Each structure stands twice: as structure tokens, then as C-alpha cells.
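A.B. asks: Model the structure of this input:
(2 chains)
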Amino acid sequence: MKSAIIQLPGLNRDRDMIAALTRISGKAPITVWQTETELPDVDLVVIPGGFSYGDYLRCGAIAARMPVMQAVAEKARKGVLVMGVCNGFQVLLEMGLLPGALMRNASLKFVCREVKLEVTNANTAFTRSYAQGQIIRCPVAHHDGNYFADDEILKRIEGEGQVAFRYAEGTNPNGSVNDIAGIVSDSGNVLGMMPHPENLIEAAHGGDDGRALFAGLLGKAA
Amino acid sequence: MIKARVTVTLKNGVLDPQGKAIEGALDALGFSGVGSVRQGKVFDLELEGSDKAKAESDLNAMCEKLLANTVIEDYTVSVT
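C.D. replies: Residues are numbered from 1 along each chain as shown, chains lettered A, B, ... in the order given. Predicted structure coming up:
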């Protein structure tokens, strides 16, 4: 499987994501800079975490309106897998590729710690290497991860199985409604999540619970 | 030259943790009786031309496309 990773000024988790994709797939992702208007022919596009454009205006707001993101939206429309982690999730929401919004953490504090995630829907392209309801460990590091959606959207995404991950065992770090940590689009090919699975893929990280996500995506055994 | 002010606020029903923190800080400073605080953003813009109707419709488009996230925010536009 071929993958591409979007690079923007202020993103700082791109190297971790490149390392994860390279180690698990055996092939380095193609890096795509903000000014590109076309993406290479790939099966997976990843928007990594960080603080694109200094988080000015709203997290992900400026990034979502850069030319390269129109190319990402085009790929998503064609059914290519698109994954946004942390700031990447915020960008996908600002682009309207996913429903809802991410707000300032309820505690108002930046949280950098490990949480537990429940695999709420194991029947997505991103979660199929996990068991339904499986609890995994995953690190989070963010200031604006408080997922919000109005009742109508919530009812829809809960009903349609679009909630992929939920914070489990009382570890919700940010006040997200319904403990939502990650969602997929109604078409199923776009995933946004606040936690960082790319930071828990090998023993040196203290665990490898995040590895299965990439392994499943990249067609490799976990 | 047209001067305009855009105000962006959180929609009713959207929790505002920053507003809550400000409310607590005001109370700590001795300003009792503050019922609630909701915070938001103000944008002051200068627009070329003199057509106020056009300016207003442009400003609304700017809000819809960038200045506000209409999932969680409302906006008002005032042209002077």
C-alpha cells in the first residue's frame, strides 16, 4: 500500500507518523507540502498532528483552507483512505469531511498522558485489526480535543456506527461528548482521532497497541 | 473605505469552558453577582469601496467560509 503524508508549517508529529508508516509498511510515505495542488496516486493520505499555522483563528482552520487540502478532499471523495490525527482531526472537521467540532479541553489544560480507548466499531477500514469493544492504550497530547456535535449529528453518528473510538474506563481527558475520541465519515474512508496511535507501535514506546491500526490499513499482519 | 466589525460567539447550548474560567476569576476578584460569562472573538476589518450592501454580503460569506465555525459559533456583522 502506498501512502502520503501532508506537511504544513507548525505540524510537529509528521516525523513520528512517517516512522510509523515506514516501519509497518516497509515503505516510506510520500511527503506532500502545503502548496501542492495534486496528490500522488496513493491508497492512504495522513494528516499528522501538531499546531498548523500556530493554531491561529481556530485549530486547523487555516490549514483546512490551503490548496493542498482541496486535493485531500478530492481523494476522500474518490474513496481513498484519509486519516487525521490530533491537529489532523481538527483539520478534517474544519474541512467538513467529518461532522462536529473540537473545542478547548473542559479542564482548559493541555493534556499529555496515556488514555484507554474502546474500539467502538471494529468494522471500519481503520479498526478491523482490533476486536469489537477491545480496550487499548494510547497516548494523547492536546489542548483542543473536546469533541462537540449537536444532538442531531450525535444521534446520526452514534446510530450509523461512525464512532470508531471512545475514551474508556473514565479516562476521557478533555470533556468530549459521549467520550468520543475518534470518528469515521459516513462513507467510512475518512478517520479523525485525537489520540496518537503512531506513538505506541513498538516495545521502545512502552507498548504497541497502536500498531494494529496501521497494520490493518497497510495490509500487514499486526 | 468601509469599516466593519464581525463578532463571533459560541452558540447557545455549546459549553464554554473559557467563559466559565473567566466567570470564576471575576468572582475571585470580588465581582460578585456575575451571572454568567460567554467569551468570543471580534474582527475589525477595513474594506475597499463604498457599497455597504456588497460589503455586508461579502462579510457574511467570509464568516461562513472562515471567520466562524458555524457548527459551534454564531456571528454578527456590523458595517459603519
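
A.B. asks: Spatially nearest residue to residue 27 (excluding sequence neighbours)?
C.D. replies: Unless you meant another one, I'm taking chain A. Leaving aside its chain neighbours, A:K27 sits nearest to A:K2 (7.1 Å; criterion: C-beta to C-beta, 6 or more residues apart in numbering or on different chains). Every residue, glycine included, has its C-beta placed from N, CA and C.

A.B. asks: That was the other one, I meant chain B.
C.D. replies: Closest to B:D27 by C-beta to C-beta, 6+ apart is B:V34, at 6.6 Å.

A.B. asks: any idea of the pLDDT on the residue nearest to A:K27?
C.D. replies: pLDDT recorded at A:K2 is 92.

A.B. asks: and it, what does it touch?
C.D. replies: Applying C-beta atoms under 8 Å, 6 or more residues apart in numbering or on different chains to A:K2 gives the contacts A:K27, A:P29, A:I30, A:P40, A:D41, A:V42, A:D43, A:L44.

A.B. asks: tell me the contacts of the fourth one?
C.D. replies: Residues in contact with A:P40, defined by C-beta under 8 Å, 6+ apart, are A:K2, A:A4, A:I30, A:V32.

A.B. asks: secondary structure class for it?
C.D. replies: coil (DSSP: H, G, I helix; E, B strand; the rest coil).

A.B. asks: Look up how far chain B lies from it.
C.D. replies: Per C-beta to the nearest C-beta, to the nearest Å, A:P40 is found 28 Å from chain B.

A.B. asks: Next up, phi/psi of that residue, please.
C.D. replies: Backbone torsions of A:P40, given as degrees, to the nearest 10, read phi -70, psi 170.

A.B. asks: Show the pLDDT at it.
C.D. replies: In this model, A:P40 carries a pLDDT of 96.

A.B. asks: Show me what residue of chain A gets nearest to chain B.
C.D. replies: A:A101 (4.3 Å; C-beta to the nearest C-beta).

A.B. asks: My guess is that residue contacts A:G145. True?
C.D. replies: No - A:A101 lies out of contact with A:G145 (C-beta atoms under 8 Å); the separation is 11.2 Å.
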